[in-house]
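Student: Provided below are the primary sequence and the corresponding predicted coordinates.
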Amino acid sequence: MTTGTTGTTGSAGPRLRFLSGEYLAALESLASASQPNMPAVNVRLQFHATDTPEGRVDYYLLIEKGVIVRAGRGELDRADLAITATYRDLVDFQTGELHAATAFVTGQFAVAGDKAKLLELMLVLQSGSYHRFTADLSARTIW
């Protein structure tokens, strides 16, 4: 298994490899105060990343009241939504080069599951605050 850090640190902390366990732990640990509270947004989200440097990588996000409260590698029991996307498309989304709506409409993000939950998820992804609260993490991510 590859490590998720380079061992190099800067003022913002160690550099993390995108989708590594360490990256997902850092995403989970971001202060909830920097994420807007959206009481009606509760989504159990499974990702299947294809064509990564490690092959296929499965990871998940648990969003409660619009806030990411858990993130990790592996399969999530009873996911509301499953999104399959290439590593490149996920990188482009995380760096702000690919808009979430574009990814869903064009099929770059293939979605299975509860479409009502997709609408909830879009409230988080399209608010602009998602990329703002992950900006520091993105700045120290190795893509």
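Tutor: Noted; the coordinates are in hand. Bear in mind the structure is a predicted one, so any value in this text is a computation, not a measurement.
Student: The residue nearest to residue 94 when sequence neighbours are not counted and residue 18: what is the separation?
Tutor: Spatially, and ignoring its direct neighbours in sequence, residue 94 is nearest to residue 138 (6.2 Å; CB to CB, 6 or more residues apart in numbering). Using the backbone N, CA and C atoms, a C-beta is placed for each residue, glycine as well. Counting by CB to CB, to the nearest Å, the gap from residue 138 to residue 18 is 9 Å.
Student: Check the contact lists of these two and give me the overlap.
Tutor: Residues touching both residue 138 and residue 18 (CB atoms under 8 Å, 6 or more residues apart in numbering): residue 94.
Student: which of these two has more neighbours?
Tutor: Legend: neighbour count by other CB atoms under 10 Å for residue 138 and residue 18, higher for residue 18 (21 against 13).
Student: Contact partners for that one?
Tutor: Residue 18 makes contacts with 90, 91, 94, 141, 142, 143, as judged by CB under 8 Å, 6+ apart.
Student: Narrow the residues you listed to just the buried residues.
Tutor: Buried by 16 or more other CB atoms under 10 Å: 90, 91, 94, 141, out of the contacts of residue 18.
Student: neighbouring contacts of stretch 64-78?
Tutor: Outside stretch 64-78, the residues that touch it by CB under 8 Å, 6+ apart are 19, 21, 24-25, 27-28, 30, 32, 35-39, 41-42, 44-46, 57-63, 123-124.
Student: Enumerate the positions of that stretch that are buried.
Tutor: Across stretch 64-78, burial judged by 16+ other CB under 10 Å covers 64, 66, 67, 68, 71, 72, 73, 76.
Student: are any of the contacts of stretch 64-78 buried, and which?
Tutor: Going by neighbour count (16+ other CB under 10 Å), the contacts of stretch 64-78 have 19, 21, 24, 27, 30, 35-36, 38, 41-42, 44-46, 57-63, 123-124 buried.
Student: Okay, strands next: where are they in this structure?
Tutor: For the chain, applying DSSP state E gives strands covering 5-10, 13-17, 43-52, 55-64, 67-73, 81-86, 110-113, 141-142.
Student: so what secondary structure elements neighbour the longest helix seen in the chain?
Tutor: Ranked by residue count under DSSP state H, the longest helix found in the chain is helix 115-125. Using 3 or more CB pairs under 8 Å, 6 or more residues apart in numbering; DSSP states H and E as the contact test, the elements touching helix 115-125 are strand 43-52, strand 81-86, helix 100-106.
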